[in-house]
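Chemist: A predicted structure for the sequence below; I have some questions about it.
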Amino acid sequence: MTEELDRLAWEHGIDGEYWALSGEKVAAGDETKRALLAALGVTAGATPAGDELRAKLGGLAGPGRPCFVPPFLAEGRAWGVTCQLYGLNTARNWGIGDFTDLAELAETVAARGADFVGVNPLHALFLAMPERMSPFYPSSRRFLNPLYIAVDQVAGYTEADAPSAEWLGAARAAPLVDYPGVTRHKLAALWRIFQRGRDGILADPAFERFREKGGKALFDHALFEAIALGGHASAAPGGWHVWDEAFRSPGSEASQAYAKEHDEEVLYQMWLQFLAEGQADEAQARALAAGMRIGLYVDLAVGVAPDGSATWTDEGVTVKDVTVGAPPDYFNADGQDWGLAPLSPEGLLKVELAPFRSLLESLMRHAGALRIDHVMGLYRQFWIPRGLGPAKGAYMRFPFAAMLGALADVSQSSGTLVIGEDLGVVPEGFREVMAETALHAYKVFLFERDGERFRDPAEYPRSALACLTTHDTASLAGWWSTHDLVVREHIGLLGEEAAGHERQARKGERQAVLRLLAEHGLGDGLGEMEEGSEAQFAEISLRLHTLIARAPSRLFAVALEDIAGIADQPNVPGTTDAHPNWQRRLPLEVGELASRPHFARILEAVARERPRT
């Protein structure tokens, strides 16, 4: 039985063993293989998968044509600013950043020489459950989050549609996004605008074309949102998994009856997507008009929530009873279960990767660059059978060559360059294939080390995006001051003894940074400044940005949080309610931040190193 089980597992893409980050070889147990095969619909004694499937689920084949690279980057370099869109603080938004704020930020930094502005994933979340605010746990990756619509820019808007001045003032002054309040007020205002202008909206040829192009996928997503918001789910919190049985598929009699009886609500949800797409397109147009050569740099999450729109409308491609995560390593001894629903490699091949292509097209439509979170997922994903935990997970191989080909096709046709977040356990030879296919690597300064030495940015590869920090790491200010250790200790991720060791190690790391700056002629005067002072950190921040900007990598991203000197990070991995992840707003309005000398000095220094020529 074991031999047959091993054969079936291998033929259907399940790797029997993998090398952990620690260097240890880990074998998948029989229980894991049986559970994964069952999730794929394969039972003991099943016929062989076939040579064609085995070949497509093979290793790192020879690459096909590369992803798109703009001609100016053939020899040149570029830089930009990244932000968490929800966190943008302006005098006109409703307590959450929106597409108009994004356009204005793009124009602000474009005037200083930036070629792109990056954002967190803009995927549709759960309008009926605003407490689910993680952009990396979306309901659907194909559609946009309507909370980013700038309501005051919608045709037909009047001042009477705005929330009370008291609520708006409190929302704009709050340090965290009030997601329930924002959702309630934005949806109510947009519904009033929709009702007043319904006849004109339905007669709009642009909206008609949008609906025709969106087809069944758009309709079903709108129906999902309408049912969820209409109170037709059971009282238990959650997605469609806990809905009344009659509503658990878009094609059910109850769902179709609801669509007919509540066509207004379904049309309204399609209109929200129309508005979001239009404002995202406008943000890209304004970025390019301001001089940017790339414009919007958007993010693609690894997967979707198992109970959201994407799985409800799925036609057999999503795998049930399995979630995606990461194996145990020395960063997380228990491994990670991201709770995301995976797509079936065999299911994707049967429909010639159509869902993957559609997803890429929807994202690249209004972007000059795309970041793929955990890009190794194009080659393999770590699957965790329900109830077994990450320690009993195994890697599932994907049709890597076919997916790379689809990625290159859409990238070339849309003129969008691609960045792959390649952190964590990376298969041998994977980064070489990335370089050959112009799938840009992701080089984070805080992670780039050789022992106790920070790797010289001059050694970074050409085909890469370089940055100091990410949304999942400490901010530069938080790292330098050890504020990140205080936070992790406070929420129980770090014991007192371990925290002490980390603080001691951090002292050595800070000295390593100073030595690296000195090696590059950027250390003058730092030793004479008061250690730990605001002035010293501001100077170190400036010089570090200057140093990383000198890397040969095509792209360099400057985090808005780092320019602002914010100590807290957007997300602390491994936490949900223990920390206000994906909620923090910038403490200053974007205009105020842009007028600060430190902001100007950093961007001017980066622009000098990477002039727009």
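Modeler: Sure thing, it's come through.

Chemist: now Ser414: closest residue in space that isn't a chain neighbour?
Modeler: If the residues on either side of it in the chain are set aside, Ser414 comes closest to Met364, at 4.0 Å by CB to CB, 6 or more residues apart in numbering. Bear in mind the C-beta positions are built from the backbone N, C-alpha and C, glycine included.

Chemist: pull out the buried positions in stretch 209-218.
Modeler: 210-211, 214, 217-218 (16 or more other CB atoms under 10 Å).

Chemist: run a quick neighbour tally on Asp450.
Modeler: Taking other CB atoms under 10 Å as the criterion, the count of residues near Asp450 is 9.

Chemist: go on, Glu531?
Modeler: The number of residues packed around Glu531, counting by other CB under 10 Å, is 9.

Chemist: any idea how far it lies from Ser414?
Modeler: Between Glu531 and Ser414 the distance is 49 Å, computed by CB to CB, to the nearest Å.

Chemist: cool, Trp94 as well?
Modeler: Applying CB to CB, the value for Trp94 to Ser414 is 31 Å.

Chemist: what about those two, which has more around it?
Modeler: Shown here are Trp94 and Ser414; by other CB under 10 Å, Trp94 has more neighbours (25 against 17).

Chemist: in contact with the more buried one, which residues?
Modeler: With CB atoms under 8 Å, 6 or more residues apart in numbering as the criterion, the residues that contact Trp94 are 151, 162-163, 168, 171-172, 182, 185-186.

Chemist: so can I have a markdown table of those showing distance to Pro457, neighbour count and secondary structure?
Modeler: Formatted as a markdown table, the entries for those read as follows, by distance: CB to CB, whole Å; neighbours: other CB atoms under 10 Å; DSSP: H, G, I helix; E, B strand; the rest coil:
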| residue | distance to Pro457 | neighbour count | secondary structure |
| --- | --- | --- | --- |
| Val151 | 43 | 23 | helix |
| Ala162 | 47 | 15 | coil |
| Pro163 | 46 | 20 | coil |
| Leu168 | 44 | 16 | helix |
| Ala171 | 40 | 20 | helix |
| Arg172 | 38 | 17 | helix |
| Val182 | 39 | 22 | helix |
| His185 | 45 | 21 | helix |
| Lys186 | 42 | 24 | helix |
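
Chemist: which one of those residues is nearest to Val572?
Modeler: When the contacts of Trp94 are ranked by distance to Val572 (CB to CB), Val182 comes first, at 22.3 Å.

Chemist: list the contacts of the closest one.
Modeler: Val182 makes contacts with 94-96, 130, 147, 171, as judged by CB under 8 Å, 6+ apart.

Chemist: can you rerun that using 6 Å?
Modeler: By CB atoms under 6 Å, 6 or more residues apart in numbering, the contact set of Val182 is 95-96, 147.

Chemist: and the gap between it and Ile193?
Modeler: Applying CB to CB to Val182 and Ile193 gives a distance of 16 Å.

Chemist: just checking, what packs against the host helix or strand of Ala310?
Modeler: When secondary structure is defined by DSSP states H and E, Ala310 falls within helix 309-312. Under the contact criterion of 3 or more CB pairs under 6 Å, 6 or more residues apart in numbering; DSSP states H and E, the helices and strands touching helix 309-312 comprise helix 205-229.

Chemist: now the helix it packs on: mean pLDDT?
Modeler: With pLDDT averaged residue by residue, helix 205-229 scores 96.

Chemist: how much does the next helix or strand after that helix deviate in direction from helix 205-229?
Modeler: Using DSSP H and E, the next helix or strand after helix 205-229 towards the C-terminus is helix 253-261. Interaxial angle of helix 253-261 relative to helix 205-229 (axes from the mean of the first three to the mean of the last three CA atoms, to 10 degrees): 130 degrees.

Chemist: buried set for helix 253-261?
Modeler: Residues of helix 253-261 classed as buried under the neighbour-count rule (16+ other CB under 10 Å) are 254-255, 258-259.
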